[in-house]
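J.: below are the sequence and a predicted model for it; my questions follow.
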Amino acid sequence: MENQTIVAEFTLMGISHLPKLEHQLFFMFLLTYLMTMSGNLLILVLILTDNHLHTPMYLFLGHLAGVDICYSQVTCPRMLLDFYSEKKTISYRSCLTQAFFFLCFVSCECFLLAVMSYDRYVAVCQPLQYIQIMSWKRCTQLLTLIWTLGSSYTLVEILFTLRLTFCGPSIIHNFFCDLPQLLTLSCTDPSLNMLLLFVLGGILSFIVFFITFLPYVYIFYTVHRIRSKNPTLKAFSTCMSHLTVVCIFYGTLCFAYLRPRSRYLDADVVVSVVYAVISPLLNPIIYSLRNGEIKRALGRVKYLLITIYME
């Protein structure tokens with residue numbers, strides 16, 4: 001250990017192994033990033049400005065859009081800069097900071113999707129008590145709990161990472177500092193960290209996954225018993241957008257973290273791209289295409305803009 005040099009910075013290899021496609025990939029990811037930001041910002045603006053969307057469901061949807069914006073900001077700008085940077089390095093502190101915020105936002109999205117499932121359960125299965133159960137005070141408490149749990153779990157993971165020493169190699173075969181890959185570069189034994197990441201993270205993910213999907217068992221059972229059209233069926237229609245988002249999010253999450261690391265580094269990078277770049281893009285598209293209230297809000301904005309232009 002005495003002759004080993006402590007690593008002060010890491011090299012992010014990204015997708016630089018495809019130099020012939022560098023320009024095409026840059027513009028493709030730039031377009032994806034701009035679409036992600038504009039789509040999620042549009043949903044945020046609609047929810048903030050349209051009185052019809054000032055409900056608990058859209059409060060949570062607005063936070064989901066905000067989380068997607070945040071963890072896109074953590075990874076995409078750096079990736080785009082690295083396409084044309086000769087020195088693709090990141091300092092040790094910046095790497096840990098990026099890993100902290102990425103894991104924090106992803107954890108918060110897990111908890112947020114669980115809360116959104118509970119909100120849909122109350123709307124469909126207990127519509128008469130919805131206003132009392134999902135009061136603004138309760139919503140505020142749930143959002144506070146989401147951010148507290150997400151940041152606390154991430155802080156524990158990062159604090160345990162600080163005990164490790166990194167002395168080479170310093171190459172991360174990804175376009176951002178993903179904690180599992182970072183741990184494999186430690187020259188001290190990272191077994192405790194790996195155990196904490198996969199056991200604590202796995203148990204927590206399983207519990208949140210169970211809490212997220214359990215309400216849909218009751219929702220489908222309740223809807224199956226309904227023979228005629230009523231407001232409950234209308235509330236159920238909004239569940240399909242959320243369930244689609246949940247399936248995409250957990251599908252990419254499991255594929256990224258619960259599978260063995262591939263011997264082919266290209267495959268791991270592709271998984272990271274889908275997980276960190278594509279998934280935040282899909283959420284606003286799914287909600288705007290399948291959600292009637294969002295469509296009507298867009299129509300009202302369009303009508304308002306046309307009216308202003310005509311005047």
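T.: The structure has been received and is ready for your questions. Numbers count the residues shown, from 1 in each chain.
J.: centroid residue for the protein?
T.: V106 (4.5 Å; C-alpha atoms, centre = their mean).
J.: distance check, that residue against F166.
T.: From V106 across to F166, the span is 23 Å (C-beta to C-beta, to the nearest Å). For the C-beta atoms, the positions are set from N, CA and C on the backbone; glycine is no exception.
J.: who's in contact with stretch 52-62?
T.: 43-44, 46-48, 112, 115-116, 119-120, 123, 134, 136, 139, 143, 238, 287, 293-294, 296-297 (C-beta atoms under 8 Å, 6 or more residues apart in numbering).
J.: can you rerun that using 6 Å?
T.: Stretch 52-62 has contacts (C-beta atoms under 6 Å, 6 or more residues apart in numbering) with 44, 47, 116, 119, 134, 139, 297.
J.: now do the buried residues in it.
T.: 53, 55-62 (16 or more other C-beta atoms under 10 Å).
J.: which residue ranges of the protein form helices?
T.: Counting by DSSP state H, one finds helices in the chain at the ranges 22-49, 56-82, 92-125, 130-133, 136-161, 179-183, 191-195, 201-225, 231-257, 265-273, 279-290, 292-310.
J.: make a markdown table out of these and add distance to I171 and mean pLDDT.
T.: Shown next, in a markdown table, are those (distance: least, C-beta to C-beta, whole Å; pLDDT from 0 to 100):
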| stretch | distance to I171 | mean pLDDT |
| --- | --- | --- |
| helix 22-49 | 19 | 89 |
| helix 56-82 | 13 | 90 |
| helix 92-125 | 12 | 90 |
| helix 130-133 | 51 | 90 |
| helix 136-161 | 18 | 93 |
| helix 179-183 | 10 | 84 |
| helix 191-195 | 19 | 84 |
| helix 201-225 | 24 | 83 |
| helix 231-257 | 20 | 70 |
| helix 265-273 | 10 | 68 |
| helix 279-290 | 26 | 78 |
| helix 292-310 | 43 | 71 |
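J.: coming back round to it: looking at the buried residues of stretch 52-62, which one is closest to V269?
T.: L61 (30.5 Å; C-beta to C-beta).
J.: out of the buried residues of stretch 52-62, which comes closest to L204?
T.: The closest of these to L204 turns out to be F60 (C-beta to C-beta; 19.8 Å).
J.: before we move on, back to that, for G14, find the nearest of the helices of the chain.
T.: Across those (criterion: C-beta to C-beta), the nearest stretch is helix 56-82, sitting at 5.1 Å.
J.: buried stuff in that closest one?
T.: In helix 56-82, the ones that count as buried by 16+ other C-beta under 10 Å are 56-76, 78-80, 82.
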